[in-house]
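1. Sequence plus predicted model, see below.
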Amino acid sequence: MSDFLKTTLVFGIGAAVGAAVAALLTPESGAELRQDVRRIAGEAKTKLQNYCEQQHARMQTAQAPETEEEA
C-alpha cells in the first residue's frame, strides 16, 4: 500500500471519528442525536464504498493483462 493511500485512509478515518465525537458532544435530545449518528454513519458508508470501488477499478486497470496488440 502506498504512503499516499495510507495517509488518505488514516485522514478519512480520523475525520469520521472526529465528526462522530462532535455529534455526540453537542447538546441535543436523544432522538436528534440518534438521527445525526445515522446520517453521519450513512454518509461515511457511502464515501467508503465509493472510495473502495475507485481503488478496485484502479487495481483492475493496473493488473489488466496485455493483449497481443500491446505486446
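-> Looks like it arrived, so ask away.

2. So for E66, what's the pLDDT?
-> With respect to pLDDT, E66 has a value of 64.

3. Likewise for the one 4 residues further on?
-> We have a pLDDT of 57 for E70.

4. For this structure, give me the ranges with low pLDDT.
-> 1, 64-71 (pLDDT under 70).

5. longest single helix anywhere in it?
-> Looking across the chain with DSSP state H, the single longest helix is helix 30-62.

6. Next, the buried residues of that one.
-> Neighbour-count burial for helix 30-62 flags 36, 40, 44 (criterion: 16 or more other Cβ atoms under 10 Å). C-beta coordinates here come from the backbone N, C-alpha and C atoms, glycine included.

7. My guess is the last one contacts V17. True?
-> In this case it means A44. No - using Cβ atoms under 8 Å, A44 makes no contact with V17, being 9.8 Å away.

8. before we move on, back to that, between the buried residues of helix 30-62, which sits nearest V10?
-> Nearest to V10 out of the buried residues of helix 30-62 is A44 (Cβ to Cβ; 14.5 Å).

9. Which of the helices or strands spans the residue nearest to the closest one when sequence neighbours are not counted?
-> Using Cβ to Cβ, 6 or more residues apart in numbering and skipping residues adjacent in sequence, the residue nearest A44 is A16, 4.8 Å away. Assigned by DSSP states H and E, A16 belongs to helix 3-25.

10. Find the nearest non-adjacent residue to the most centrally placed residue in the chain, please.
-> By Cα atoms, centre = their mean, the chain has its centre lying nearest to L48, at 2.6 Å. Nearest residue to L48, sequence neighbours excluded (Cβ to Cβ, 6+ apart): G12, at 7.6 Å.

11. Restricting to C-alpha, output stretch 45-59 in CSV.
-> Output of stretch 45-59 as CSV, limited to C-alpha atoms (Å, rounded to 0.1, in the frame of the first residue of the first chain):
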residue,chain,number,x,y,z
LYS,A,45,-20.5,4.3,4.5
THR,A,46,-21.3,5.8,1.1
LYS,A,47,-18.0,7.6,0.9
LEU,A,48,-16.1,4.5,1.9
GLN,A,49,-18.0,2.4,-0.7
ASN,A,50,-17.2,4.9,-3.4
TYR,A,51,-13.5,5.0,-2.4
CYS,A,52,-13.3,1.2,-2.4
GLU,A,53,-14.9,1.0,-5.8
GLN,A,54,-12.5,3.6,-7.2
GLN,A,55,-9.5,1.7,-5.8
HIS,A,56,-10.8,-1.6,-7.0
ALA,A,57,-11.2,-0.1,-10.5
ARG,A,58,-7.6,1.3,-10.4
MET,A,59,-6.3,-2.1,-9.3
